[in-house]
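Asker: the amino acid sequence is not available; the structure is as follows:
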């Protein structure tokens with residue numbers, strides 16, 4: 001995977017993309033995804049793990065609602081990784097993650113993920129570089145285990161938002177009654193660490209890329225949703241799945 005420098009990657013759609021036309025294409029893709037997900041569930045031979053990472057207000061929840069919310073809820077599960085509990089802290093850092101890995105036939109979404117243990121922990125110096133390096137190896141081995149031993153196809157998305165857009169969205173949580181429930185004053189404190197977060201993300205991309213990352217421009221929701229829906233659609237189409245015949 002090529003070296004990723006986030007400052008060199010736009011957070012917006014290329015000018016050739018028309019918003020309304022792209023939204024129509026996305027709707028068409030979502031209709032096909034509904035059929036493909038049904039096929040995935042029926043065949044029961046493949047598992048899909050979707051990892052969604054990004055800064056606060058980058059739109060992780062919105063992607064889950066507007067892309068994956070269109071699919072049959074019987075075949076889609078979501079796991080949000082918060083601050084580890086006392087029980088989780090008493091185990092290795094992947095213990096709680098492995099328990100949430102997808103079974104065959106299911107699309108499992110991680111809203112934040114095992115990557116938090118080499119991102120926020122390094123930003124706040126709860127994890128030193130030597131420990132982070134060991135964790136990166138463990139993460140690579142973990143993803144290889146899922147891929148090789150449970151036929152799991154992993155899609156990793158980084159929602160690439162600009163600091164200006166982030167501040168605008170965080171401020172909306174103060175003034176918009178429909179978004180006030182999302183407000184957390186700690187988000188503004190975390191935003192002050194923007195530069196070090198970018199550095200930690202780039203280090204993550206460089207050392208945990210056996211499964212490649214998708215850098216998703218996230219300032220415009222319609223474009224972000226289009227790219228993620230398209231990537232999932234492409235992955236499922238390439239599996240050449242077949243409905244099972246009558247059970248004997």
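Answerer: Alright, I've got the coordinates. Keep in mind that this is a model prediction, so the values were computed, not measured.

Asker: give me the neighbour count for residue 3.
Answerer: When neighbours are counted by other CB atoms under 10 Å, residue 3 registers 8. Any C-beta I mention is one placed from the backbone N, CA and C, and that applies to glycine too.

Asker: my guess is it contacts residue 206, does it?
Answerer: Yes. If you go by CB atoms under 8 Å, residue 3 and residue 206 touch, sitting 6.6 Å apart.

Asker: show me where the protein has helices.
Answerer: 19-43, 60-66, 86-89, 95-98, 120-123, 129-149, 163-175, 185-191, 194-207, 221-237 (DSSP state H).

Asker: how far does the fifth one sit from the chain's center?
Answerer: The reference is to helix 120-123. Remark: helix 120-123 is offset 18 Å from the chain centroid, using CA atoms, centre = their mean, to the nearest Å.

Asker: residue 226 contacts residue 25, doesn't it?
Answerer: Yes. Taking contacts as CB under 8 Å, residue 226 lies within contact range of residue 25: 6.6 Å.

Asker: more neighbours: which of these two?
Answerer: Between residue 226 and residue 25, counted using other CB under 10 Å, residue 226 has the larger neighbour count: 22 against 15.

Asker: so what secondary structure elements neighbour the least confident helix or strand in the chain by mean pLDDT?
Answerer: Lowest on mean pLDDT, DSSP states H and E among the helices and strands of the chain sits helix 185-191, with a mean of 91. Applying 3 or more CB pairs under 8 Å, 6 or more residues apart in numbering; DSSP states H and E, one finds that helix 185-191 makes contact with helix 163-175.

Asker: give the contact list for the closest residue to residue 205 other than its chain neighbours.
Answerer: In this structure, residue 205 finds its nearest non-sequential neighbour in residue 4, 4.5 Å apart by CB to CB, 6 or more residues apart in numbering. Residues in contact with residue 4 (CB atoms under 8 Å, 6 or more residues apart in numbering) are 202, 205-206, 213, 215.

Asker: any quick PyMOL command for the buried ones out of the residues you listed?
Answerer: Selection of the buried residues among those in PyMOL, burial being defined by 16 or more other CB atoms under 10 Å:
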select buried, resi 205+213+215
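
Asker: ok, of the contacts of residue 4, which one's closest to residue 71?
Answerer: The shortest gap between residue 71 and any of the contacts of residue 4 belongs to residue 213, at 22.8 Å (CB to CB).

Asker: contact partners for the closest one?
Answerer: Residue 213 touches 1, 4, 156-158, 205, counting by CB under 8 Å, 6+ apart.

Asker: filter those down to the ones in strands?
Answerer: Of those, the ones assigned to strands by DSSP state E are 156-158.

Asker: right, and out of those, which lies closest to residue 188?
Answerer: Nearest to residue 188 among the ones in strands among the contacts of residue 213, counting by CB to CB, is residue 158 at 21.4 Å.

Asker: neighbours of that closest one, how many?
Answerer: Neighbours of residue 158 under the rule other CB under 10 Å: 23.

Asker: beta-bridge partners for it, please?
Answerer: Beta bridges link residue 158 to residue 53, residue 215, judged by DSSP bridges.

Asker: my read: it touches residue 215, true?
Answerer: Yes. Between residue 158 and residue 215 a contact is recorded at 5.3 Å, counting by CB under 8 Å.

Asker: give the contact list for the residue most central in space within the chain.
Answerer: Centroid-nearest residue in the chain, with CA atoms, centre = their mean: residue 52, separated by 1.2 Å. By CB under 8 Å, 6+ apart, the residues touching residue 52 are 60, 63-64, 109-113, 157, 159.
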